[in-house]
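Sequence and predicted structure are below.
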Amino acid sequence: MRAAPTLLAAALMAALSAHADVIIDDANGYTLNAKNALVKFSSLGFDDKGRIVAVGSAAEVAARMPRAQHISVGGKTVLPGLIDAHGHVFGLGEMLSQLDLTSSTSLDGALKAIGDYARKEQGAWLRGRGWNQEIWKLGRFPTAQELDRVTGSRPAVLERVDGHAVWVNSAVLKLAGIDDKTPDPTGGKIVRDADGHATGILVDRAADLIEKVMPKTSEEQARAYLDAALGEMARQGLTSVHDAGVSASQDRLYRYYADHGKLSARIYGMIGGVGADFDSIVKGGGPLNSYGDDMYALRAVKLYSDGALGSRGAALLAPYSDEPKSKGLLFNSNAEMTRLIGKAMKAGYQVNVHAIGDAGNRQVIDIYGKLIKETRSVGQRHRIEHAQVVALADIPRFQAIGIIPSMQPTHATSDMNMAENRVGPERIKGAYAWRSYLHQGSRIACGSDFPVESPNPFYGLHAAVTRQDQNGGPAGGWYANQAMSLKEAFRCFTLDAAYAGHQEDKIGSLEPGKYADFIVIDRDLFTMPTYDIYQVKVLQTWVAGRQVFKR
């Protein structure tokens, strides 16, 4: 299990306390400007409200702020705070407190880790995440019976790395009443063996069948998850995160944290769906463009079109190349998806729909093409989250309709071990196709989808530029013609991510009038070898001129 990062309470309180005007000196600073030029600077000055006053040479900044306190960073590199345009904040905090199986390389290794964890953790249920049968080279999903061997009769629920399938033991199947006669729900699949028996794998909405028997998250647990996630995000240099799926209770907690100065990163929230939580939030005032000195916003809605590629839940136009009997799972009919998207758009929200497969993406693009015109809401900057496998003919429609592709570079390097097997050599040309979007003028909002992937944004920058894993494979990069330049990747984790959250006038670059959200790192991002970018360490993280992390 990965240990949760610690951030000393006293240090955090001091970091969030009031401060005078400050100048950061002796910086090897980089930022983009409004003309997309990379600008260097040696000093950065900000006022007691955390707003940037001046950026430039030491003499220039000192002349503008003669009474400021000076802090030297000793020649270290300073960058704008990095923005993750798609993460799951409470999911990250939860994962930090549970069994982490992302490093398991075989079924036997995973079972040993689960057994060791079961002996140490005495809770009523065993929870974990991160398994991946593709890395295990298992050729199938694991089974409840295999899990029973190390968990016994104690309920165990283990999420797949992508969060779109769960592996449960026989105790959970029994508690949930799932048997051979239980029908597959719409948008979900109960994986069964050749004899029709449920195997213990529940894909996408089939996982909802166990929700009614699982313990609910308490307020105390939610606070612990949020604290752990904020600490980890600060450590990784994330000064803003777009939280892809916020519940009503999480919204209340975010507002409380913003009111009490406890947010160490800006949160741009997406309400999870348009059900009861959405209705209650809308009654409370509708889209929340800014709250708590721009530390929190809730002006978007997150919906789902389909599942994930690794669990074959992504909806494809033609069958999977490695499973010819399946096209994956659309979560909703076209009529129902139109209703869901329309409800959010008409209430004034940005709509961000998860779509992985080419059929899932086409469904959303078609509906956006109709509803954005009807609601006159192109200014809401509606997004498709992931846009992972898109038919080549559909890629230009993003730009034509005004859809932002919100993409996660590490998904390409994590999926390259199975993606082409899933979709074949032709469809892969429209997969993880960053260059195709950039070439047509689309702004890509980059993120990680943590805890599916690591929240470390330098892993994403490395993947975007090299199209390689951290061992340097494959040589030359996987479909390297779709790679980004370093400046493009930097922009998609800064200004373009800010744009996707309607915040480009406040954050995303270090310019006068914007917030002093910045990080200090241990090497020069723009002169170092690109194959080493994943090794960058964050030394300091600052949000609105307050230091929230120091290594």
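Nice, thanks for sending it over.

Please save the CA atoms from stretch 233-248 in PDB.
Extracted C-alpha coordinates of stretch 233-248, given in PDB (Å, rounded to 0.1, in the frame of the first residue of the first chain):
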ATOM      1  CA  MET A 233      -1.500  17.100  -5.200                       C
ATOM      2  CA  ALA A 234       0.700  19.800  -3.600                       C
ATOM      3  CA  ARG A 235       3.600  17.400  -3.500                       C
ATOM      4  CA  GLN A 236       3.200  16.800  -7.200                       C
ATOM      5  CA  GLY A 237       3.100  20.500  -8.200                       C
ATOM      6  CA  LEU A 238      -0.600  20.600  -9.000                       C
ATOM      7  CA  THR A 239      -2.100  24.000  -8.200                       C
ATOM      8  CA  SER A 240      -5.500  23.400  -9.800                       C
ATOM      9  CA  VAL A 241      -7.500  20.200 -10.500                       C
ATOM     10  CA  HIS A 242     -10.700  19.700 -12.500                       C
ATOM     11  CA  ASP A 243     -12.600  17.200 -10.300                       C
ATOM     12  CA  ALA A 244     -14.500  14.900 -12.700                       C
ATOM     13  CA  GLY A 245     -17.600  13.900 -10.700                       C
ATOM     14  CA  VAL A 246     -18.500  15.900  -7.500                       C
ATOM     15  CA  SER A 247     -21.400  14.800  -5.300                       C
ATOM     16  CA  ALA A 248     -23.600  17.200  -3.300                       C
END
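
mean confidence for it?
In this model, stretch 233-248 carries a mean pLDDT of 98.

any idea how far Ala176 is from Arg127?
Between Ala176 and Arg127 the computed distance is 15 Å (C-beta to C-beta, to the nearest Å). From N, CA and C alone the C-beta is placed, and that goes for glycine too.

for Lys174, that is, sorry about that
Distance of Lys174 to Arg127, given as C-beta to C-beta: 18 Å.

swap in Gly286?
Distance, Gly286 to Arg127, by C-beta to C-beta: 35 Å.

Tell me which of those two has more neighbours.
Between Gly286 and Arg127, counting by other C-beta atoms under 10 Å, Arg127 is the more crowded of the two (19 against 13).

That one against Leu99, yeah?
Yes. Judged on C-beta atoms under 8 Å, Arg127 makes contact with Leu99 at a distance of 7.0 Å.

what sits in contact with each of these two?
Residues touching both Arg127 and Leu99 (C-beta atoms under 8 Å, 6 or more residues apart in numbering) are Leu158.

so who does Ile24 touch?
Neighbours of Ile24 in contact, by C-beta under 8 Å, 6+ apart: Ser43, Leu44, Gly45, Ile71, Ser72, Val73, Val78, Phe518.

Just those: which are in helices?
Among these, no member falls in helices (criterion: DSSP state H).

Could you single out the nearest of the residues you listed to Gln250?
Closest approach between the contacts of Ile24 and Gln250, by C-beta to C-beta: Phe518, at 27.3 Å.

quick one, what contacts that closest one?
Residues counted as contacts of Phe518 (C-beta under 8 Å, 6+ apart) are Ile24, Leu44, Val78, Leu79, Pro80, Gly81, Thr239, Leu510, Trp542.

Give me the distance between it and Gly472.
Plainly put, Phe518 is 30 Å away from Gly472 if you go by C-beta to C-beta.

So what pairs up with Gly269 in the strands?
Here Gly269 sits in beta bridges with Asp243, Leu298, as judged by DSSP bridges.

Could you pull out the strands in the stretch 151-300 of the chain for me?
156-160, 165-168, 188-192, 198-204, 238-246, 266-272, 288-291, 296-304 (DSSP state E, counting those that start in this stretch).

I'd say Leu111 and Thr151 touch.
No. The pair Leu111 / Thr151 is not scored as a contact, 9.4 Å apart, by C-beta under 8 Å.

follow-up on the earlier one: as TSV, the strands of the stretch 151-300 of the chain with distance to Ile341 would be great.
Converted to TSV, the strands of the stretch 151-300 of the chain look like this (distance: least, C-beta to C-beta, whole Å):
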stretch	distance to Ile341
strand 156-160	27
strand 165-168	25
strand 188-192	21
strand 198-204	19
strand 238-246	16
strand 266-272	13
strand 288-291	20
strand 296-304	7
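
can you redo these as JSON lines with mean neighbour count and distance to Lys370?
Converted to JSON lines, the strands of the stretch 151-300 of the chain look like this (neighbours: other C-beta atoms under 10 Å; distance: least, C-beta to C-beta, whole Å):
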{"stretch": "strand 156-160", "mean neighbour count": "25", "distance to Lys370": "34"}
{"stretch": "strand 165-168", "mean neighbour count": "26", "distance to Lys370": "32"}
{"stretch": "strand 188-192", "mean neighbour count": "20", "distance to Lys370": "27"}
{"stretch": "strand 198-204", "mean neighbour count": "24", "distance to Lys370": "26"}
{"stretch": "strand 238-246", "mean neighbour count": "27", "distance to Lys370": "24"}
{"stretch": "strand 266-272", "mean neighbour count": "27", "distance to Lys370": "22"}
{"stretch": "strand 288-291", "mean neighbour count": "15", "distance to Lys370": "26"}
{"stretch": "strand 296-304", "mean neighbour count": "24", "distance to Lys370": "16"}
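
So which of those strands is nearest Met528?
Across the strands of the stretch 151-300 of the chain, Met528 has its closest neighbour in strand 238-246 (20.4 Å, C-beta to C-beta).

quick one: contacts of stretch 60-76?
Defining contact as C-beta under 8 Å, 6+ apart, one finds that stretch 60-76 is touched by 19-28, 43-45, 53-55, 520-522, 539-540.

Ok, stretch 215-229 next?
Outside of stretch 215-229, the residues within contact range by C-beta under 8 Å, 6+ apart are 4-5, 89-90, 92-94, 96-97, 124-125, 249-250, 253, 257.

In helices, which of those appear?
Val89, Phe90, Leu92, Gly93, Glu94, Leu96, Ser249, Gln250, Leu253, Tyr257.

Considering these, which is situated nearest to Lys346?
Among those, Gln250 lies closest to Lys346 (C-beta to C-beta), at 23.8 Å.

Wait, that closest one touches Gly91, no?
No. Counting by C-beta under 8 Å, Gln250 stays clear of Gly91, with 10.8 Å between them.

more crowded one of Leu111 and Thr151?
Neighbours were counted for Leu111 and for Thr151 using other C-beta under 10 Å; Thr151 has more, 24 against 17.

got a list of what that one touches?
Ile114, Gly115, Ala118, Leu126, Asn169, Ala171.

can you tell me which of those residues lies nearest to Arg381?
For the contacts of Thr151, the nearest to Arg381 is Leu126 (41.2 Å; C-beta to C-beta).

For the residue nearest to Thr182 when sequence neighbours are not counted, name its beta-bridge partners.
Excluding its sequence neighbours, the residue lying closest to Thr182 (C-beta to C-beta, 6 or more residues apart in numbering) is Ile190, at 6.1 Å. Beta bridges link Ile190 to Leu202, judged by DSSP bridges.

so Ile190 makes contact with Ile178?
Yes. With contact defined as C-beta under 8 Å, Ile190 reaches Ile178; the gap is 6.6 Å.

Need the overlap of contacts for those two.
By the contact definition C-beta under 8 Å, 6+ apart, Ile190 and Ile178 are jointly contacted by Ala198, Leu202, Leu209.

need the contact list for the second one.
For Leu202, the contact set (C-beta under 8 Å, 6+ apart) comprises Ala165, Val166, Val168, Ile178, Gly188, Lys189, Ile190, Val191, Leu209, Ile210.

Okay, buried residues for stretch 542-551 please.
Within stretch 542-551, the residues scored as buried using 16 or more other C-beta atoms under 10 Å are Trp542, Val543, Ala544, Gly545, Arg546, Gln547, Val548, Phe549.

cool, stretch 461-471 as well?
Neighbour counts over stretch 461-471 (16+ other C-beta under 10 Å) mark Leu461, His462, Ala463, Ala464, Val465, Thr466, Arg467, Gln468, Asp469 as buried.

Stretch 294-313: end-to-end distance?
Stretch 294-313 has an end-to-end distance of 37 Å (criterion: C-alpha to C-alpha, to the nearest Å).
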